[in-house]
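Visitor: Below: sequence and its predicted model.
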Amino acid sequence: MKEVINGKMYNTETAEAIHEWDNGLYGNDFRSCEKTLYRTKKGNYFVAGEGGPMSCYAVSNGNTTSGGSGIRPIEKEDVVQWLEEHDGTEAIEQYFANEIEEA
C-alpha cells in the first residue's frame, strides 16, 4: 500500500514494519481492524491498516458503509503513546528504550 500525503510518499513496501496490531476480531466482523506501524527510510512514521464498515477505516458509499484501508502519518513524539495503546511494549523496548524509565 502506498499513498502521497502532504507531498510525502508513504509506502509499506519500502518502510520498516515496527509493530503489528489487530483487535482480535475475524475479518468478516464489521468491527475488525488491523494496523501496522512503519518507519520510513527518512525516519518518518505512519500507520497503515484496514478494517470493516464499523471500524476507523469505514468508508461511506452514499447510504451505505463499507470497510476500507488507509495510511495515516504519525508524529515521532506520538509513536510511543500509540505503541502503549496498541500492545507494543516489545517495540518500545526495542526502538525507544532511551525514552522510557523504570517506574
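Guide: Arrived safely. Numbering: from 1, shown residues only.

Visitor: Could you count how many residues lie near Ile54?
Guide: For the record, residue 54 is Met, not Ile. Here the count is done by other C-beta atoms under 10 Å, and Met54 has 15 residues near it. Every residue, glycine included, has its C-beta placed from N, CA and C.

Visitor: Mind jotting down where the strands sit in this protein?
Guide: Counting by DSSP state E, residue ranges of the strands within the chain are 2-5, 8-11, 16-22, 33-39, 45-51, 59-61, 64-66, 68-74.

Visitor: Ile74: neighbouring residues, count only.
Guide: Burial of Ile74, expressed as a neighbour count using other C-beta under 10 Å, amounts to 15.

Visitor: How about the one 4 residues further on?
Guide: Applying the criterion other C-beta under 10 Å, we find 11 residues in the vicinity of Asp78.

Visitor: Need the per-residue pLDDT for it.
Guide: What the model reports for Asp78 is a pLDDT of 97.

Visitor: where's it relative to Asn61, distance?
Guide: Distance of Asp78 to Asn61, computed by C-beta to C-beta, to the nearest Å: 30 Å.

Visitor: Next: Thr89.
Guide: Taking C-beta to C-beta as the criterion, Thr89 is separated from Asn61 by 38 Å.
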